[in-house]
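K.L.:
Provided below for reference: sequence and predicted model.
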Amino acid sequence: MFNIITIEREYGAGGSIVAEQLARHFGWKLLDQELTSRIAAEACVDQSVVAGCDECVDRPLRRLAKVFWRGSYERMLPMSDERVFDADCMVEMATKIITQAGEEGQCVIVGRGAPYILRNRKDAFHVFLYAPRDFKVQRLSHRMSEKEAAELVDTIDRERAEFIKRYFNKDWPCRSLYHIMINTSRGIDLAVESILSTMKVMEAVEQPVR
């Protein structure tokens, strides 16, 4: 029986909304922005610092600077949160928190490599949400300019792909990992219904015959 749902998503495809509706349906914990809060609390840094590393790799200049800081006499001096906390730290802490959440169960986890971290759990149902580029840009345009929306759609998805490749050595999306992949341009409610129906069918098929 499925006890965990992971939601991987393209930017602008509505992943957070789908996750929220699923969590509400089951009465489960939603780990989306709360993951950022937990990581920040454990690392003793501001949430904005964690958000800056969220599902992206450190840029070359930042990585070079990190090597310098850790390899010089300055490593003995107090450093700001931004210097100490980086994508490597974020992934390490996210892995710990997501693994613990998986053991506790009854949760919906959004992004942060969750389907890769929990790939061996039989009680985890993995979802990937996508949509046509034009749809995603239009969907985001009510919050920002169309130009900014287009740039974010292209940039954030590219960074997520780099993140997955670097830390999990997989192409993004790794199609063999997911139980279902859904085009959300057909509607958020339909996406949620499709996920629930597929989970129900799979649970029934895997239920031992008495």
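P.N.:
Now that the structure is in, tell me what you want to look at.
K.L.:
can you name the residues that contact the residue nearest to D123 when sequence neighbours are not counted?
P.N.:
Nearest-residue entry for D123: N3, 4.2 Å, with adjacent residues in sequence omitted and distances by Cβ to Cβ, 6 or more residues apart in numbering. C-beta here means a position set from N, CA and C on the backbone, and glycine is covered the same way. For N3, the contacting residues are 105-106, 123-124, by Cβ atoms under 8 Å, 6 or more residues apart in numbering.
K.L.:
and if we set it to 6 Å?
P.N.:
Going by Cβ atoms under 6 Å, 6 or more residues apart in numbering, N3 touches 105-106, 123.
K.L.:
quick one, phi psi at it?
P.N.:
phi -130, psi 0 (degrees, to the nearest 10).
K.L.:
now it: how far from M202?
P.N.:
13 Å (Cβ to Cβ, to the nearest Å).
K.L.:
with Q106 instead?
P.N.:
For Q106 relative to M202 (Cβ to Cβ), the value is 18 Å.
K.L.:
next one: A150
P.N.:
37 Å.
K.L.:
isn't K136 right up against V153?
P.N.:
Yes. Applying Cβ atoms under 6 Å, one finds K136 in contact with V153, separated by 5.0 Å.
K.L.:
any common contacting residues for these two?
P.N.:
G12.
K.L.:
which residues in the chain form helices?
P.N.:
In the chain, the helices defined using DSSP state H lie at 15-26, 33-43, 47-53, 60-71, 81-84, 87-104, 114-117, 133-140, 146-168, 188-206.
K.L.:
R9 is nearest to which of those helices?
P.N.:
Closest to R9 of the helices of the chain, according to Cβ to Cβ: helix 15-26, at 2.9 Å.
K.L.:
elements contacting that closest one?
P.N.:
Other helices and strands packing on helix 15-26, by 3 or more Cβ pairs under 6 Å, 6 or more residues apart in numbering; DSSP states H and E, are strand 4-9, strand 107-110, helix 188-206.
K.L.:
deepest of the ones you listed, which one?
P.N.:
Most buried of these by mean neighbour count (mean count of other Cβ atoms under 10 Å) is strand 4-9; its value is a mean of 27.
K.L.:
give me the angle between it and helix 188-206.
P.N.:
In terms of direction (axes from the mean of the first three to the mean of the last three Cα atoms, to 10 degrees), strand 4-9 departs from helix 188-206 by 140 degrees.
K.L.:
follow-up on the earlier one: would you mind finding the most buried of the helices of the chain?
P.N.:
Of these, helix 114-117 is the most buried (mean count of other Cβ under 10 Å), at a mean of 25.
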